[in-house]
Structures are given as structure tokens and as C-alpha cells.
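Trainee: can't give you the sequence, but here's the structure:
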RNA sequence: GGAGGGUUGGCAGAGUGGUCUAACGCGCCGCACUCGAAAUGCGGUUGGGGAGAAAUCCCCUCAGAGGUUCGAAUCCUCUACCCUCCGCCA
């Protein structure tokens, strides 16, 4: 939810900004019209209510009765307008940061940097499914008979590799020395607090989901009508609301979580896309970073998250590129969106394996997550304001498995385990 | 699934129809004292919203929604959550 002050003070700026995200700028005019009406009625209602108090103080029962009816009338008119205003308000997406590249869709995303060279094979590389089936570690055929398309069994070496990634990731992100060095690389002296590992709920109530601005598109979500809950599409969905309706002391920031959960996605509208293997499936496991910081640290924190992602991918020795997503490719609640794409030899292109989203206060406003300033330095002592939130992938396990299998395959169809994972999964996957 | 008890500001906690404009305390913020701090003293401190150039004034907010009443933290209804016990269960 966007700050109402911006909507009122500079609607033209908002119109321009949301148009760049392919949203309808007419929403802003519609909001302005309803807001003006709402303000007029609210002033009238407040006056009537003040009057009502005076009637009751005087024990003027007759006057109170009559005035009360007038209050009800105005209340009814406001209720409708308020509902309309709210529904328009929620449709207005977050504004892109100043440095977000312009562009209508992903074709206009900007590659910021590349790391590692795609490997030159002296044989024809296979894709992950061919490799996995030959080794007997990925089974989509039986999975489709049992659960439907876009499901898979990960067995043996593939399962071990998943646990290795999880173990390695948790060990890395909870290691104070590693985090200090990554944070220091982003900005000297930047917050060096390690992550707290979390296993969050995988079900979420509709109202909370909406406050996270992640309920839409509903087609993409699994819904369980008997209990009125949704399955999450990312640990972000239940980590983000963790401090809803709370006021966090500034001294306790940043709060950094590393969530591990299964993610559920219906993949509606992706029929026929990426149907082979486990690149796009209904159920996959993911390690997700989520953090709460003071507004002035918001962008640095996102850069820190990207640095963590790069550290992880660099240490796995996988070739990747960092991409700044243009305004048109940003999610609704995002102010700044950066992706990491990893080289997939079978497709001879980089595919998205990570994303890092900076939301500013867009989610925090509706979640009611505030911080209380404790330092008088900036004249902010004791004041509360909305926290700024970031979320980012640490490992989308399935896609990382694909990248490891395809990039590290040998001519005999076995797979070399990245060095940093060998102590958990052995040197090689042979089936 | 059944029975009972709860939910009050950042925290703790009083308040069972009319100065609740929510006590006392802790914490927090500001000021004074101090070289600085602690201690102390004084003042402020839920969160939102509206009107106004401003000073300021007003409204909402006691888990959430609705109701009764001239008047609700307090009475009624529903919902959510927490605690205790029983049942079931990994």
C-alpha cells in the first residue's frame, strides 16, 4: 500500500511511475476523486460526533436520538466511498526506485555484471532430466501418475544434493565471519548480523496474504476451501508478516531471517512452457532471506542480499549474471528488483535462479510493522515509522540442482559435486 | 471435536454503563543539573485520521466485526487468537 501523502501531494509523479510498471494511471485520478469526497464527508461526520458527545454530557436524550440518526446517514455514505477508495488504493503498485531501468518487459532488463565463463564441453551436454533419469535420481514420469504433471521425485544423489545445499546455505548465512565480510564488501561497517534460520508455516490466511500484496494473482495460488487458507509460494509470504502489528526497537535492527520451506505454485498460464524436467514445477524447496531494516538502510540491504547470493553462486563455481529488472518487469510491491540468472548449458542461456526484491515500506504499511527510533541524533528520537523490507532467494533448490547437474556433468553422465558441497554429498553423483 | 478461562498503550497492569480526556509502574523522548555520564528533578510519550496559513481544534482507536444505549474498555452477537482440561494424533 502506497503512502497516502505521496498520492495526495504528487499524483502526477505517481501516474508516471505506475505507468512505467504497466499499471493504469487512471487509478490515481479515481483515487483522488474518491479521496476528496471521503475527506469532505469525514469532516462532516467528525463534527456530528462531537455534537453527539455534547448531547450525552448534557443527558439530552431527545437531542441525542435525533443527532444519532444523522450520524448513521453519513456513516452509510462514507462506508461505500471508503470501500471503493481502498480497493483502488490497493491496486496502485509501489513506485520504482530512481535507478530502476525503464522498460516494458524482461527484454529490457539490464545486465549489471557477469561472473564465470560458460564451460566449453568436448561432448554434447545433456539436460538435467536426461542426466537425472539415466542416474535414476529424478523421476517425473511416476510423479505425474501419482501427483500430476509438474511434479518430481528426487532420489538418491539428487536428494542428497538438496540436503547438501540446505546445510551449506544455513552454515554460511549463520556464520558471523562470513556475513561480516560480505556486509563489509557492500559498505564498510555495514550491519554484520547473521541470519536466524526459520522454518515457517506453509499455509497462510487470505487477509495476511493480501497485506503482503502477494495474494494476487490468485490463479497462481493453491487454496484450501475447507479451512480458508492458501499454500505459500515462498517462505517470504509467511516470514514477511512475522512482525505485523509490532513496533521494533531501532536497536534490534536489522532483523534477518533465513527461511526454509516448500513453495507451491499452480503455474497457471505457463502451459507448454518449460514442461521438461524440474525447472518449473508445482512444488519445490527454497531457502529465502527476509529482512527488516531502517529506511535509510533499505537499498544497502538489498545490495547486501545480492552480495550473499553472489557469494553462494560463486562458491559453487556456477557461471551467472546479475540483472537489474526494468520497471515493466517489477512485481507490484517492488521498488527495486534484481535477479540472478545462472547458465544452463542445455538451453545455452542464462535462466532465473534468484531474485532480490526491495519493497520499501509498501508491505510494512499494511502489515503494521513499525520501528521506534532510539537515537536523538537525527531528531528522530522516540518517533515511529514503517520498517523497510527486503526479500531474496538464497537457493531455489530445484533450479540450483539443475544448474549443478548440467554444468558439472562428465562425459559418462555422472556429476561432479561442487567442492563446497562435497563434505555433505560426496565427490560425485553416480546414481 | 468437547468444556472452561482469557485478549487493555513499547512492556507490565488497574479499570464491570456517565470527568476513561484509560490509574500506578517500567521503558522511551526532551529539558535541567554535570567536563561527560549515572543518579535525581521537571515535562512529554498508543496508533491512525480530518479541518486550519498557523496557533490550535476535532474524530476514531481497549483483539476484529456488528449490535443495544442520549452515553460502552465495561452489556449482547459473531469471528480470530492465547491459556487450562478432556478426546484424537506424529
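Mentor: Sure thing, it's come through. Since the model is a prediction, treat every value here as computed from it, not as a measurement.
Trainee: residue numbers of chain A in contact with RNA strand B?
Mentor: When proximity is defined by Cβ under 7 Å from any atom of the strand, chain A lies next to RNA strand B at A:4, A:39, A:42-43, A:45-47, A:49-50, A:52-53, A:55-57, A:59-61, A:64-65, A:68, A:247, A:370, A:372, A:374-376, A:381-382, A:384. In short, each C-beta sits where N, CA and C put it, glycine included.
Trainee: in helices, which of those residues fall?
Mentor: Within the residues of chain A next to RNA strand B, residues falling in helices by DSSP state H are A:4, A:39, A:42-43, A:45-47, A:49-50, A:52-53, A:55-57, A:61, A:64-65, A:68.
Trainee: measure residue A:98 to residue A:318 for me?
Mentor: 32 Å (Cβ to Cβ, to the nearest Å).
Trainee: what sits against residue A:67?
Mentor: Applying Cβ atoms under 8 Å, 6 or more residues apart in numbering, we find residue A:67 in contact with A:48, A:51-52, A:55.
Trainee: mind checking pLDDT for it?
Mentor: Note on residue A:67: pLDDT of 91.
Trainee: residue A:379 now?
Mentor: 54.
Trainee: picking up where we left off before, list buried residues within the ones in helices among the residues of chain A next to RNA strand B.
Mentor: A:45, A:52, A:55, A:64 (16 or more other Cβ atoms under 10 Å).
Trainee: of these, closest to residue A:80?
Mentor: Residue A:80 lies nearest to residue A:45 out of those, by Cβ to Cβ, at 13.5 Å.
Trainee: residues near the nearest residue to the closest one once chain neighbours are set aside, how many?
Mentor: Of all residues not flanking residue A:45 in the chain, residue A:74 sits nearest, at 4.7 Å (Cβ to Cβ, 6 or more residues apart in numbering). Applying other Cβ atoms under 10 Å, we find 17 residues neighbouring residue A:74.
Trainee: contacts only, for residue A:74.
Mentor: A:41, A:44-45, A:48.
Trainee: buried subset of the residues you listed?
Mentor: The buried subset of those (16+ other Cβ under 10 Å) comprises A:41, A:45, A:48.
Trainee: now these in TSV, with pLDDT?
Mentor: Formatted as TSV, the buried ones among the contacts of residue A:74 follow (pLDDT from 0 to 100):
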residue	pLDDT
A:41	92
A:45	92
A:48	92
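Trainee: closest one to residue A:187 out of these, please.
Mentor: Using Cβ to Cβ, the buried ones among the contacts of residue A:74 come closest to residue A:187 at residue A:41, 48.1 Å.
Trainee: contacts only, for the closest one.
Mentor: A:74, A:77-78, A:81.
Trainee: list just the nearest of these to residue A:232.
Mentor: residue A:81 (33.9 Å).
Trainee: you'd agree that closest one is up against residue A:33?
Mentor: No: Residue A:81 lies out of contact with residue A:33 (Cβ atoms under 8 Å); the separation is 9.9 Å.
Trainee: these two - which one has more neighbours?
Mentor: residue A:81 (17 against 14).
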